[in-house]
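Enquirer: after the sequence you'll find the predicted model.
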Amino acid sequence: MKTIAFIPARYAATRFHAKLMQPLGDKTIIRHTYENTLSTLLFDEVIVVTDSDIIFNEIVQNGGYAMMSKKTHECGSDRIAEAVSDIDVDVIVNVQGDEPFVKKELLENLLNAFKDKHGEKTEVASLMFPTADEQIIHNPNHVKVVVDKNSNALFFSRSVIPFQREKNTPPVYYKHIGIYAYRKKALMDFTQWEITPLEASEKLEQLRYLENGIKIKMVLTDESPLSIDTPEDYDRAKNLI
């Protein structure tokens, strides 16, 4: 099974401008993400896909592999789809550029969702982490997911899901970790569909799959690496480094 990790990397992030080029220890955030993904040795190739000459040069000048997007894209999946359209690959892993602490075990577990006889039916997979942290559960910057008995996603939301109406039946909350894997056909189909109503409302691209009837297999993990969405996340990351 040929696998490639793509790292979509925008320079002009809405909530934290130029965050991927911020220093974290002796490297930029995007270099940490690229080199940590590469060091797992799980992939045939690891490629940064970007709209920025600054990010492109940061990767290439430090011995990495990067590609420039030819078009303007609304989301990382569209950016990857353009890059992979002429590449022969079975499974694509989308590692967000703001995941400098990504680990091998997480990515390996995600790839395992596509293996053996059960994995043959998997088209899209992602990760979830159980949490009882009220700050995560009620924070719209942390996406939550609910699943069926087979660990397929039922819905993703920035709101609190599920709602606990019955006080004697405490629910399990899962934080969504925004690392995805998909078969090439599923990704290419995604780019042909219009933005769906729930996707537009929540600003969550994965809802486009669910609204088009595509199952997303959720892989349970016992850790949630820090992603850098805001300046506050960046401060926490500097402390971790």
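Expert: In hand now; what should we look at? Numbering: from 1, shown residues only.

Enquirer: CA atoms for contacts and neighbours, from now on please.
Expert: OK.

Enquirer: residue 229 and residue 97 touch, don't they?
Expert: No: counting by Cα atoms under 8 Å, residue 229 does not reach residue 97; the two are 10.3 Å apart.

Enquirer: more neighbours, these two?
Expert: Shown here are residue 229 and residue 97; by other Cα atoms under 10 Å, residue 97 has more neighbours (25 against 19).

Enquirer: from residue 194, how far off is the closest residue to residue 224 other than its chain neighbours?
Expert: Ranked by Cα to Cα, 6 or more residues apart in numbering and with sequence neighbours excluded, the top spatial neighbour of residue 224 is residue 129, at 6.3 Å. Residue 129 is 30 Å from residue 194, where distance means Cα to Cα, to the nearest Å.

Enquirer: neighbour count winner among those two?
Expert: residue 129 (19 against 9).

Enquirer: host element of that one?
Expert: Using DSSP states H and E, residue 129 sits in strand 124-131.

Enquirer: do the same with residue 218
Expert: Short version: residue 218 belongs to strand 216-220, going by DSSP H and E.

Enquirer: and that strand, what does it pack against?
Expert: Applying 3 or more Cα pairs under 8 Å, 6 or more residues apart in numbering; DSSP states H and E, we find strand 216-220 packed against strand 124-131, strand 153-157.

Enquirer: ok, and what's touching that strand?
Expert: Strand 216-220 is contacted by residues 109-110, 113, 122-130, 147, 151-153, 209-210 when judged by Cα atoms under 8 Å, 6 or more residues apart in numbering.
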